[in-house]
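*Asks:* Next input, structure requested:
(chains A, B, C and D)
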Protein chains: 2
Amino acid sequence: MSSRETGRPYHHGSLPETLVAHAVELLDEAGPEAVVVREVARRAGVSPAAPFRHFADRAALMTAVTEAVAVDFSGIQRAAVESADDLPFRALGTAFVHYALTYPHRFALLRAAVFGATRAPALEAGHRAFTEAVTDLIVAGQRRGDLRAADPRLVRVTAQALVYGLSQMFVDGYLDPTDADTLITETIALFGLGVLPETHPARPT
Amino acid sequence: MSSRETGRPYHHGSLPETLVAHAVELLDEAGPEAVVVREVARRAGVSPAAPFRHFADRAALMTAVTEAVAVDFSGIQRAAVESADDLPFRALGTAFVHYALTYPHRFALLRAAVFGATRAPALEAGHRAFTEAVTDLIVAGQRRGDLRAADPRLVRVTAQALVYGLSQMFVDGYLDPTDADTLITETIALFGLGVLPETHPARPT
DNA sequence: TCCTCGATGTGATCGATGATTACATTCGCT
DNA sequence: AGCGAATGTAATCATCGATCACATCGAGGA
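*Replies:* Take a look at the predicted model:
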């Protein structure tokens, strides 16, 4: 029997997961810089040194946080596509922006994780699958005649850039989140039509 | 006469500017987190405490850095518009992305400064002027029949989001900077035409 | 059953950093 | 010339990431 008077046993049992959970908590509360190892440890009820038994350094902890967030995010993205299959692109874009609005602080991490040069290996497969799925959606849309017959990769990258930039503008406070849905819809609609007038012969922009 | 043997006088003379310059240097070299007050002071040849005579805290120094960068950036943006007045939008977008590619680390700061909710007062006027100038460009383009007659504000925001997202994707390493010019051109062209097929009656996306 | 060993948590401590304070030096103004 | 404000310095503190020696616990073999 332990001589400790605390209810908690000496060994936590699932400290890594608990640490990541508390780190995500801190992230959502006050941003990435607020994820301080000591505070994470304090919330988990362990000593400041304990986290280093499971994560080589703070960066490793942040990587784990990012992966956890990315898994959550990709689940939502997948659900968005599956639940609205007649307008999948708008559903995707809307879900993306909504996630950014709901968890603004996670956005910075996701950015680095999803668009970063050095993607965590654990996320590589999921990201690749997601990219292919989107490309397939585009190709299918083009076959149906719903989308312009442009290079699918170009369409995908452009759409990503648009949604991504819009999200960041919301997160940064440049745009009013109140109008989010309206603005998202209008933006995507404009992207569909293009900024050039219909009557205009293909003229460079 | 000074009893100090160093060539430098006790009073630096223009320490704030020098500190900001060295801070920008550090920023460009290794990112925002590398802007460490002590290192900035060291490069300026003053004691670690000296910067605090001119900047309340590190955040204030970073704000000054941001303003300096923003001034530089807005000058380039203005030059881009003036030097290429037949395709001002592409010139603007290209200049924006190029700046992000040339100074990737400045991009994070500019993001907060330009799109941030709490814009530094010193930048507010310039930003407002720039926004109005872009809107005027859009309205003029619409009058000439070069642009679709949509809400100018919507057009502006959408274009900003696109350029902005594209920049970030380059900076994050998601896109290969080698193809930058090609991709920028193609992306803007697609944005002009829209992703919906021409023959398609206005259908929601 | 007991004992050992590896895994996990702790306390002490170090180095770097942001920030403050008391003091020193210099400049500008009268 | 001299005085007060501005500017720079040295010393010091608190916080944080990280390391190390040591304590504690749990699982598997003798």
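
*Asks:* per the record, what domains does chain A have?
*Replies:* Chain A breaks down by automatic domain parsing into domains covering A:12-55, A:66-193.

*Asks:* First-to-last residue distance for the longest one?
*Replies:* Across domain A:66-193, the terminal residues are separated by 36 Å (CA to CA, to the nearest Å).

*Asks:* contacts for the lowest-mean-pLDDT helix or strand in chain A?
*Replies:* Every helix and strand of chain A was ranked by mean pLDDT, DSSP states H and E. The lowest is helix A:121-144, at a mean of 88. The contact list for helix A:121-144 (CB atoms under 8 Å, 6 or more residues apart in numbering or on different chains) reads A:67, A:70-71, A:74, A:77-78, A:81, A:88-89, A:92, A:113-114, A:119, A:147-149, A:152-153, A:155-156. Yep, even glycine has a C-beta here, placed from its N, CA and C like the rest.

*Asks:* do stretch A:14-26 as well
*Replies:* Against stretch A:14-26 from outside (CB under 8 Å, 6+ apart): A:12, A:34-36, A:39-41, A:43-44, A:46, A:50-51, A:53-55, A:61-62, A:64-65, A:68-69, A:106.

*Asks:* same thing but at 10 Å, please
*Replies:* With CB atoms under 10 Å, 6 or more residues apart in numbering or on different chains as the test, stretch A:14-26 has contacts from A:12, A:32-37, A:39-46, A:50-51, A:53-55, A:58, A:61-62, A:64-69, A:72, A:103, A:105-106, A:109.

*Asks:* quick one: A:Ala50 and A:Leu61 touch, right?
*Replies:* No. With contact defined as CB atoms under 10 Å, A:Ala50 does not reach A:Leu61; the gap is 11.7 Å.

*Asks:* joint contacts of the two?
*Replies:* Taking CB under 10 Å, 6+ apart as the criterion, A:Ala50 and A:Leu61 both touch A:19, A:37, A:40.

*Asks:* okay if I get the residues you listed as JSON lines plus secondary structure?
*Replies:* Formatted as JSON lines, the shared contacts of A:Ala50 and A:Leu61 follow (DSSP: H, G, I helix; E, B strand; the rest coil):
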{"residue": "A:Leu19", "secondary structure": "helix"}
{"residue": "A:Val37", "secondary structure": "helix"}
{"residue": "A:Val40", "secondary structure": "helix"}
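
*Asks:* restrict these to those near DNA strand D?
*Replies:* A:Val37 (CB under 7 Å from any atom of the strand).

*Asks:* For the shared contacts of A:Ala50 and A:Leu61, which entry has the maximal number of neighbours?
*Replies:* A:Val40 (27 neighbours; other CB atoms under 10 Å in any protein chain shown).

*Asks:* Could I get the full set of helices for chain A?
*Replies:* Here chain A has its helices, by DSSP state H, at A:15-30, A:37-44, A:58-83, A:88-102, A:104-110, A:121-144, A:152-171, A:180-193.

*Asks:* To DNA strand C, which of these lies closest?
*Replies:* Proximity to DNA strand C, assessed across the helices of chain A by CB to the nearest atom of the strand, is greatest for helix A:15-30 (3.8 Å).

*Asks:* That closest one vs helix A:88-102, what angle?
*Replies:* If you take axes from the mean of the first three to the mean of the last three CA atoms, to 10 degrees, helix A:15-30 sits at 90 degrees to helix A:88-102.

*Asks:* thinking again about what came up before, got a quick PyMOL command for the buried subset of the contacts of helix A:121-144?
*Replies:* Here is the PyMOL command that picks out the buried ones among the contacts of helix A:121-144, judged by 16 or more other CB atoms under 10 Å in any protein chain shown:
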select buried, chain A and resi 67+70+74+77+78+81+88+89+92+113+114+119+147+148+152+155+156
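
*Asks:* Any regions of chain A where pLDDT drops low?
*Replies:* A:1-12, A:85, A:198-205 (pLDDT under 70).

*Asks:* Count the neighbours of the residue nearest to A:Ala80 when sequence neighbours are not counted for me.
*Replies:* The shortest distance from A:Ala80 to any non-neighbouring residue, by CB to CB, 6 or more residues apart in numbering or on different chains, is to A:Ala95 (3.6 Å). Using other CB under 10 Å, A:Ala95 has 20 neighbouring residues.

*Asks:* A:Ala95 contacts A:Asp181, doesn't it?
*Replies:* No. Using CB under 10 Å, A:Ala95 is not in contact with A:Asp181; the gap is 11.8 Å.

*Asks:* Show the contacting residues for the residue nearest the centre of chain A.
*Replies:* Nearest to the mean C-alpha position of chain A, counting by CA atoms, centre = their mean, stands A:Leu110 at 4.4 Å. Counting by CB under 10 Å, 6+ apart, A:Leu110 makes contact with A:66, A:69-70, A:72-74, A:96, A:99-100, A:103, A:116, A:123, A:167.

*Asks:* Understood, closing this out.
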